[in-house]
Structures are given as structure tokens and as C-alpha cells.
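Sequence and predicted structure are below.
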Amino acid sequence: MEAVSRAAVLVYDSVDRERFLREIYPMRKPAVLKGIPLGSCTSKWTVDYLSTTGGRQEVKVHVASIPQMDFINKNFIYRTLPFDVFVKRAAESVHTEYFLSEDEKYYLRSLGVDPRKVMDNFLIQVIGRKRVILFSPQDAPYLYLTGDKSEVLDVENPDLRKYPQFAKAQCYECQLDPGDVLFIPALWFHNTVAKEFGVGVNVFWKHLPANCYDKTDTYGNKDPVAASRAMQILDRALKTLEELPDEYRDFYARRMVLRIQSKSYSNHYK
């Protein structure tokens, strides 16, 4: 089987706001930014500090028996723990108290309920080290998507017999060290693997004109208005094709795909 092509995410040192907006942001590609002053959090946010400061507030966490959490088939369970207990368990390699196994993994996505799917994003690695793998939105046809999530769970060692098209995708990778900031443009698919206990903070912002977003969508969770409308039209078109016999349905569906491909939208942002 053909191996997945890999490339390193570009790394930039001593980036200020002006340089980021002038050189990096317009490229619409991931970038690791080093040397950005983040304050005392990179040294202060130890396990003891976080567990003491966070207190006993209860949080809902993901618990899995393996590091790769599958958000399509849900290979994890939700459990509620006091924040200080969660932090201490997450920092352990072997647990004396556990739900599934003594080496189970914990993941706290957020203290809020705001996933923010379609916005630009800074992933700030405050403490710990993390490996990040990213894929361009142009490679969506090869990622075996269900909604906005890939069925390929282990992207570092994919099963190319089960997912042969995945070999056509270009994989971008980087390691985030404490204090690093990763710029993730909207629509880029990303997968993270923690190398050790760590804390990351995401900062999102809307980069499209205001009229592109649903006015009721405060946090940018929904697709842009035009994209949502186009997907609804496509769903209706596919539903209409079901009225035809198989060979006709296949023929006209292929014509629809060719018509979309002929637009060559990707040429505008390569």
C-alpha cells in the first residue's frame, strides 16, 4: 500500500501581530508560532496549582481505554469528576482508582459547551507536549468523513486496506512544546495526541464578513449561511435522484460530481 505523504508544518520565531497578519495569516495554512509572550502560565500551571485553583467544581470528562478517542463510534464514556480529581488522574500514568482500566485516558474538551467548528483558531500549548496532525480541506474526499469527523481513527498508522483513499491525503505534522501557538485556519482537519499531561487553550475568531454567518449563531458553531443552504439543496437533489432506477441514478449523480469538479474552486486558494 502507498504510504501517506507527510510534511512539516512551517515554524516561525518571534512573531508579532503585524508579521502574523502580513506574512502568515494570508497563506491560510497551519503555522507554529514560537516566542510569543504568554505570561507566567507556562511555568505556573503545574498539576498542584491547577488542582488547587480549579477546586472541586464538577466537570464532565471523556474516559477511554486507548489514547485515540473515536468521536464517531464513541469508544469512550462520559464521567463526572471534581476538577481537582480529574487533573490529578489525568497526570497519572497508572491509576489506583479508575472506571475502565488502570491506564485509561482522560480528556476534558472544555469547561463550557462551545465547540466552534468553522472558525480560525489559535491552539496555545501552555504546558506539556502534543503532536498535531492536520489535513487540508482540499483533501476532504480522502478522509472518509462522517459529518466533519474522519472515520480514520489512527491517522499516524492508518489501515490503508480499509481506507485506501487515505493514502492520497497530504498529512501535515508538528510537535507543540510549552509556549508554542499553532494557527489552525478554519476548515482544516486536525488530530492531536498528547505526549504527556498537558493543558491547551483555544482562541477562536470569525474571519469572514458578518453576513456569512447565521445571525443566531453567536459562537460560530454552524456552517456559513451559504454553505448550509447549498448542502440543503444538495440533500434535496440526492433525494430526488432516488426516484430513478439504479443505473440512471448513478449516471446523473456522476454528472453532478463532474459539474462540481469543473468549478475548480480549489484553484483559488492553492
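Great, that's in hand.

which stretches of the stretch 1-150 of the chain form helices?
For the stretch 1-150 of the chain, the helices defined by DSSP state H, counting those that start in this stretch cover 17-19, 41-44, 47-54, 83-90.

can you tell me which of those helices comes nearest to Val257?
With distances scored as Cβ to Cβ, the stretch of the helices of the stretch 1-150 of the chain nearest to Val257 is helix 17-19 (41.0 Å). Glycine gets a C-beta too; all of them are placed from N, C-alpha and C.

any idea how far that closest one is from the chain center?
From the chain centre to the centre of helix 17-19 is a distance of 25 Å (Cα atoms, centre = their mean, to the nearest Å).

Stretch 153-170 now?
On Cα atoms, centre = their mean, the centre of stretch 153-170 falls 17 Å from that of its chain.

Three-state assignment for the residue nearest in space to the middle of the chain, please.
In the chain, the residue lying closest to the centroid (Cα atoms, centre = their mean) is His190, at 3.8 Å. Here His190 takes the strand state, with states given by DSSP: H, G, I helix; E, B strand; the rest coil.

I'd guessed it sits against Val132; true?
Yes. Contact criterion Cβ atoms under 8 Å: His190 and Val132 qualify, at 6.0 Å.

one step back: if you compare the helices of the stretch 1-150 of the chain, which one is most tucked away?
Highest mean neighbour count among the helices of the stretch 1-150 of the chain (mean count of other Cβ atoms under 10 Å): helix 83-90, with a mean of 20.

who's in contact with the closest residue to Pro82 other than its chain neighbours?
Counting by Cβ to Cβ, 6 or more residues apart in numbering, Arg56 is the residue found nearest to Pro82 once chain neighbours are left out, at 4.4 Å. With contact set as Cβ atoms under 8 Å, 6 or more residues apart in numbering, Arg56 has these partners: 82-84.

and which of those is nearest to Thr240?
Phe83 (51.0 Å).

what's around the closest residue to the residue nearest to the centre of the chain other than its chain neighbours, how many residues?
Leaving aside its chain neighbours, His190 sits nearest to Leu134 (4.6 Å; criterion: Cβ to Cβ, 6+ apart). Using other Cβ atoms under 10 Å, Leu134 has 23 other residues around it.

From Leu33, how far off is Leu134?
Per Cβ to Cβ, to the nearest Å, Leu134 is found 15 Å from Leu33.

wait, what's in contact with Val9?
By Cβ under 8 Å, 6+ apart, Val9 lies in contact with 30-32, 132, 134, 172-174, 182.

Tell me the spacing between it and Ser93.
Distance of Val9 to Ser93, computed by Cβ to Cβ: 28 Å.
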